[in-house]
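Undergrad: structure for the following, please:
(one chain, ligands or ions: 1)
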Amino acid sequence: MSSDPRSTDVLSHIDGEWISGRETRPNVNPADTREVIGVSAHLGRAEAVAAIEAAHRALPAWRETPAPKRGAILFEAVRLMKERAELLAMAMTREEGKTLTESRGEVLKSIICLEYMAGEGRRPIGQVVPSEMSRTMAYHVRQPLGVVSIITPWNFPVAIPTWKIAPALVAGNTVVFKPASVTPLTGRLVAECFIDAGLPKGVLNFVTGGGGTVGDELVGNPLVRGVSFTGSNEIGMALARQATETRKKCQCEMGGKNPMVILADADVDLAVDATLQGAFGSTGQRCTATSRVIVDRSVYAEVVERLAAGAKAIKVGNGLDPTVKMGPSVDRGQHQTVLEYIAVAHADGARLVAGGGVPKGPEYEHGFFTEATVFADAHMGMRITQEEVFGPILAVVPVDGFDAAIEAANGVRYGLSASVYTRDLVLAQRFIDAIEVGIVHVNNPTVGGEAQMPFGGMKDTGVGQREMGTFGVDFFSETKAVYLDYTAAARRTNIY
Ligand code: NAP
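TA: Next comes the predicted model:
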């Protein structure tokens, strides 16, 4: 049986078969909870084990498949993803809530990542280096890890699975992929692009179900050799401990509290535009979202006024409406969190200058909407400047000069992305040197990343190797060092 890409119900895929499981869960549109998009299979631990065992059986043949041939299957997945782009984008907007323009952008980014990784099938897998011994080849070579688990969040439900599954497959691993429970449909559509491209059965298994059961098995099962996770710190840190105890290679990309720094000489127009884009794009539900803007006091009043005006102009609503610029929170729990942080910011003494509540009107009654919200006069002792909100709330922090800006920017536990607006090359370079993040932008929003560049964070944001680019493939590989005496006769004399 094959799953129909146009269907909105979600089956799981184990050992080449689409299966429904014993239980299902309704999948609801966060912009209008009266709309049930479809139902999703909700598997248990036994099915997760079956998926891992299927991946284990498929491993020997897949790792023997020449890498260019693995890459060719991924190129076919690129073609299918391009063909199904609108289907993916529509599903994402209905299921996750981001605007259709944002969903289309995410699908395009996914296609680019997939195309890059497909090309990895023909690029070097090691390096020959000079040996200290004569007539000896010394080289190192990449080999697959084995069965790997891929566990993803809901906020980039197409891009993140794509940029994890593609390098895992091209490097010769077999995969069990679990999407977030609130975005099973987009997860299925992504898996289907790979499966329909011609992967042999068992090479990619797709399992929907709870994190505490299916997810837990994907981390603890001894047949799994690597775990790539993106999500919250709470889950990610526990998962990293579990993976380490069972000696698995592990990569966790977690929370962020990303600063935009606007220095005295910045182009304020550009800086304000970039801040609004970073803070309210995807409803602030991006790991690289701008949640703090640190502003030199000489331009502070002007920046606050413009940010407030810009936030008030953002039309909130159902992302399928082309005039809407910001969709809902993904679900009731996330919406509650956002509203609680608004109350916390008031209690901590920040000054509300835009938004601050649920928009009024019949079109908002059945969705998880919040106005684009800006709090001014924040400082680094407040919870809204320290904790990840994952919603449309921006805190504006005034500072005096470059050193104070760096201190504020670095004064959090996270270290994913940061940006500085300045026309001074010296200050830009000092910022690049001093800022404690994995991704630095100069005169750009804090959001975004390119397929050929490493992606990930420092401090509490990241555990393990970076994603994307050649780094992405490295994570899904073991490295083997080889010393080959091609005479098969020489005695080794130079042992230190
Ligand atoms: P989450 O609650 O941590 O869930 C992430 C994934 O882990 C989901 O598939 C979830 O399944 C699964 N999971 C839950 N409990 C598990 C367990 N015990 N064992 C194994 N898997 C388990 O995160 P989220 O709310 O989906 O995503 C938002 C977070 O992701 C934010 O903190 C954001 O910053 C972060 N994020 C980081 C990056 C980055 O690159 N740094 C990128 C995007 C998002 P269920 O859905 O079934 O619970």
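
Undergrad: now do the strands in the stretch 101-250 of the chain.
TA: 126-129, 136-144, 147-151, 174-178, 204-206, 224-230, 249-253 (DSSP state E, counting those that start in this stretch).

Undergrad: out of these, which comes closest to the ligand?
TA: When those are compared by C-beta to the nearest ligand atom, strand 249-253 sits nearest the ligand, at 3.3 Å. C-betas here are computed from N, CA, C, even on glycine.

Undergrad: beyond the closest one, next helix or strand please.
TA: Per DSSP states H and E, strand 249-253 leads on to strand 258-262 as the next helix or strand towards the C-terminus.

Undergrad: got CSV for the strands of the stretch 101-250 of the chain, with distance to the ligand and mean pLDDT too?
TA: Output for those, formatted as CSV (distance: least, C-beta to the nearest ligand atom, whole Å; pLDDT from 0 to 100):
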stretch, distance to the ligand, mean pLDDT
strand 126-129, 28, 97
strand 136-144, 22, 97
strand 147-151, 5, 98
strand 174-178, 6, 99
strand 204-206, 12, 98
strand 224-230, 5, 98
strand 249-253, 3, 98
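
Undergrad: packing partners for the helix or strand where residue 89 lies?
TA: Secondary-structure assignment from DSSP H and E places residue 89 in helix 85-96. Judged by 3 or more C-beta pairs under 8 Å, 6 or more residues apart in numbering; DSSP states H and E, the packing partners of helix 85-96 are strand 23-29, strand 32-42, helix 100-119, helix 184-196.

Undergrad: can you lay out those as JSON lines showing mean pLDDT, mean neighbour count and distance to the ligand?
TA: Compiled in JSON lines, those are given as follows (pLDDT from 0 to 100; neighbours: other C-beta atoms under 10 Å; distance: least, C-beta to the nearest ligand atom, whole Å):
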{"stretch": "strand 23-29", "mean pLDDT": "95", "mean neighbour count": "17", "distance to the ligand": "10"}
{"stretch": "strand 32-42", "mean pLDDT": "96", "mean neighbour count": "18", "distance to the ligand": "9"}
{"stretch": "helix 100-119", "mean pLDDT": "98", "mean neighbour count": "22", "distance to the ligand": "12"}
{"stretch": "helix 184-196", "mean pLDDT": "98", "mean neighbour count": "26", "distance to the ligand": "9"}
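
Undergrad: looking at those, which is nearest to residue 6?
TA: Taking C-beta to C-beta, helix 184-196 is the member of those nearest to residue 6, at 9.9 Å.

Undergrad: report all helices and strands that that closest one contacts.
TA: Judged by 3+ C-beta pairs under 8 Å, 6+ apart, helix 184-196 is in contact with strand 12-14, strand 23-29, strand 32-42, helix 67-83, helix 85-96, helix 159-170, strand 204-206.

Undergrad: circling back: which of the helices and strands packed on helix 85-96 sits closest to residue 304?
TA: helix 100-119 (26.3 Å).

Undergrad: tell me which element residue 299 is part of?
TA: Assigned by DSSP H and E, residue 299 belongs to helix 297-312.

Undergrad: may I have that helix exported as PDB, CA atoms only?
TA: The C-alpha coordinates for helix 297-312 follow below in PDB (Å, rounded to 0.1, in the frame of the first residue of the first chain):
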ATOM      1  CA  ARG A 297      21.200  54.900  24.200                       C
ATOM      2  CA  SER A 298      22.000  57.600  21.500                       C
ATOM      3  CA  VAL A 299      19.500  56.100  19.100                       C
ATOM      4  CA  TYR A 300      17.200  54.300  21.700                       C
ATOM      5  CA  ALA A 301      14.200  56.600  21.700                       C
ATOM      6  CA  GLU A 302      14.000  56.600  17.900                       C
ATOM      7  CA  VAL A 303      14.400  52.800  17.700                       C
ATOM      8  CA  VAL A 304      11.700  52.200  20.300                       C
ATOM      9  CA  GLU A 305       9.300  54.500  18.500                       C
ATOM     10  CA  ARG A 306       9.900  52.800  15.100                       C
ATOM     11  CA  LEU A 307       9.700  49.300  16.500                       C
ATOM     12  CA  ALA A 308       6.400  50.100  18.200                       C
ATOM     13  CA  ALA A 309       4.900  51.500  15.000                       C
ATOM     14  CA  GLY A 310       6.200  48.600  12.900                       C
ATOM     15  CA  ALA A 311       4.800  46.000  15.300                       C
ATOM     16  CA  LYS A 312       1.400  47.700  15.400                       C
END
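
Undergrad: show me what from the stretch 351-496 of the chain comes close to the ligand.
TA: Within the stretch 351-496 of the chain, the positions near the ligand by C-beta under 6 Å from any ligand atom are 388, 390, 416, 457, 461.

Undergrad: and if you look at the stretch 201-350 of the chain?
TA: 210-212, 215-216, 219, 230-232, 235, 239, 253-256, 287.

Undergrad: which of the residues you listed ranks first by neighbour count?
TA: residue 256 (29 neighbours; other C-beta atoms under 10 Å).

Undergrad: find the nearest non-adjacent residue to it, please.
TA: residue 416 (3.5 Å; C-beta to C-beta, 6 or more residues apart in numbering).

Undergrad: quick one: contacts for the one you found?
TA: The contact partners of residue 416, by C-beta atoms under 8 Å, 6 or more residues apart in numbering, come to 255-256, 258, 287-288, 437-439, 456-458, 461-462.

Undergrad: okay then, goodbye and thanks.
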